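*Asks:* Need the 3D shape of this:
(2 chains, ligands or ions: 2)
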Amino acid sequence: MYASRNSAKCTKDCLCLFVCPTGATDTETGQIDAERCLDGCRLCVDACPSHAIFLVMSNYSEPAPKNSELAGKLLELCESKYQQEKAAEVIITNAESTPKKKLAEALRRSFRITAEDCAREAGYMLPQSEKVKKLLEKFAGINEDAKSALEGL
Amino acid sequence: MAYPSNSSLSVIFSNLQKASEKQQKPKTAELFGRLAVDFDKGSSEVNDFVGLKDLVSNELSEKYPEVQAAADSVKDRGALRALVWGQKVAAIQKSLIDRYLLKGDELLIGKALFVCEACGFVSLGADVPEICPVCKAPASRFSKV
Ligand code: SF4
Ligand code: SF4
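*Replies:* Ligands and ions are numbered 1, 2, ... in the order given. Modelled structure (predicted):
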């Protein structure tokens, strides 16, 4: 387990700097140094007046398997939204006015966000899951990033 | 295991990028981000709002009922939640396109577009919504276009 800081809630009261036994909370990035964190001793979690720090598991158990028919249909929905995103991109490129470009851009982002939600519910929620690892394995031989991502998980 | 088709890979990876950011793993997030770009190879025959509106309409009338039935039959609560949000957002996407087709650029005069990063809801108004009407996310989850 390791501590993690939600920077949107951090009010820079800095109690975490003074209670941490390893100095893991004092970094230049605004994020707690997970490698120095003592397997989540949680002193900082309890000290933070803004509830900005939470603990994250280092190892997650496998999520409950998704019904495969439903997962397949959710991926189809994901593809359909991806197609809409591509159409929005073409409209952005060809747009003859700024308002038109902006509307297409808003829709493009919206299609991506809803598509991602479908992908999550199709079983690609947790990076550490077997399903994600299998997918990365498939590309590890041809794609360096897939290989490094797999090694990191 | 059945692998996802090429046209969902970029989305799967960009989603995992966000998941890794939430788990505070910037290195993994960066790798997934690159994969999302690498696999973003799609293209579109549809090149105008009329065609895009048809895509969204067809999805609402043809695709959603099928997925809804599958989610209902196994009572997958996460999927049911995604379908509730997704259908509301798609209906709004469609209505925005409809209104633009009717009024053109005038539709956006004096207004700005905000997208909810949590559910994809698109808001057209003078100000950012206080709370997302679809998923109840606060104003801070909206990004301005
Ligand atoms: S104690 Fe909480 S509010 Fe203060 S600096 Fe640490 S995380 Fe931020
Ligand atoms: S959980 Fe403990 S070791 Fe880890 S950052 Fe917080 S105070 Fe430091």
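*Asks:* what helices or strands is the longest helix along chain A leaning on?
*Replies:* Secondary structure assigned by DSSP state H gives helix A:68-94 as the longest helix of chain A. Here helix A:68-94 touches helix A:98-121, helix B:6-22, helix B:49-58, helix B:64-74, helix B:77-103, going by 3 or more CB pairs under 8 Å, 6 or more residues apart in numbering or on different chains; DSSP states H and E. Using the backbone N, CA and C atoms, a C-beta is placed for each residue, glycine as well.
*Asks:* what about residue 127, neighbour count?
*Replies:* Just going to use chain A. Neighbours of residue A:127 under the rule other CB atoms under 10 Å in any protein chain shown: 25.
*Asks:* my question was about chain B
*Replies:* By other CB under 10 Å, neighbour count at residue B:127 equals 10.
*Asks:* give me phi/psi at it?
*Replies:* Dihedral pair for residue B:127: phi -130, psi 160, per degrees, to the nearest 10.
*Asks:* what's near enough to touch it?
*Replies:* Taking CB atoms under 8 Å, 6 or more residues apart in numbering or on different chains as the criterion, residue B:127 is in contact with residue B:112.
*Asks:* still on that earlier bit, between the helices and strands packed on helix A:68-94, which one is closest to ligand 2.
*Replies:* Set against ligand 2 and scored by CB to the nearest ligand atom, those come closest in helix B:6-22, at 17.8 Å.
*Asks:* Just give me how far whichever helix or strand comes after that closest one sits from the chain centre.
*Replies:* Per DSSP states H and E, the first helix or strand lying C-terminal to helix B:6-22 is helix B:26-38. Chain-centre distance of helix B:26-38: 20 Å, with CA atoms, centre = their mean, to the nearest Å.
*Asks:* Can you name every helix or strand that helix B:26-38 contacts?
*Replies:* helix A:144-152, helix B:6-22.
*Asks:* I'd like the average pLDDT over the longest helix of chain A.
*Replies:* Mean pLDDT, helix A:68-94: 95.
*Asks:* Ok, stretch B:44-51 next?
*Replies:* Per-residue scores along stretch B:44-51 average to 94.
*Asks:* Any residue of that stretch touching chain A?
*Replies:* Yes - Stretch B:44-51 comes into contact with chain A (CB under 8 Å from any CB of the partner chain), by way of B:44, B:46, B:47, B:48, B:49, B:51.
*Asks:* In contact with the fourth one: list those residues for me.
*Replies:* In this case it means residue B:48. With CB under 8 Å, 6+ apart, residue B:48 has these contacts: residue A:91.
*Asks:* repeat for the first one
*Replies:* Contact criterion CB under 8 Å, 6+ apart gives A:83, A:86, A:87, A:89, A:90 as the residues in contact with residue B:44.
*Asks:* Which of the three states applies to it?
*Replies:* coil (DSSP: H, G, I helix; E, B strand; the rest coil).
*Asks:* Give me the residues contacting stretch A:44-58.
*Replies:* Taking CB under 8 Å, 6+ apart as the rule, stretch A:44-58 contacts A:1-7, A:9-11, A:13, A:15-16, A:18-20, A:25, A:32, A:39-40, A:42, B:23-24.
*Asks:* And those, which of them are buried?
*Replies:* Neighbour-count burial (16 or more other CB atoms under 10 Å in any protein chain shown) applied to the contacts of stretch A:44-58 gives A:2-5, A:10, A:15-16, A:20, A:25, A:32, A:40, A:42, B:23-24.
*Asks:* Looking at chain B, what residue ends up closest to ligand 1?
*Replies:* Counting by CB to the nearest ligand atom, chain B gets nearest ligand 1 through residue B:24, at 12.8 Å.
*Asks:* nearest residue to that residue other than its sequence neighbours?
*Replies:* Closest residue to residue B:24 apart from its sequence neighbours, by CB to CB, 6 or more residues apart in numbering or on different chains: residue A:4 at 4.3 Å.
*Asks:* Could you check how far the residue most central in space within chain B is from residue A:70?
*Replies:* Residue closest to the average C-alpha location in chain B (CA atoms, centre = their mean): residue B:120, at 4.4 Å. Note on residue B:120: its distance to residue A:70, by CB to CB, to the nearest Å, is 20 Å.
*Asks:* which of the residues of stretch B:44-51 next to chain A come close to ligand 2?
*Replies:* For ligand 2, no contacts are drawn from these by CB under 6 Å from any ligand atom.
*Asks:* out of the residues you listed, what pair is the most spread apart?
*Replies:* B:44 and B:49 (12.6 Å; CB to CB).
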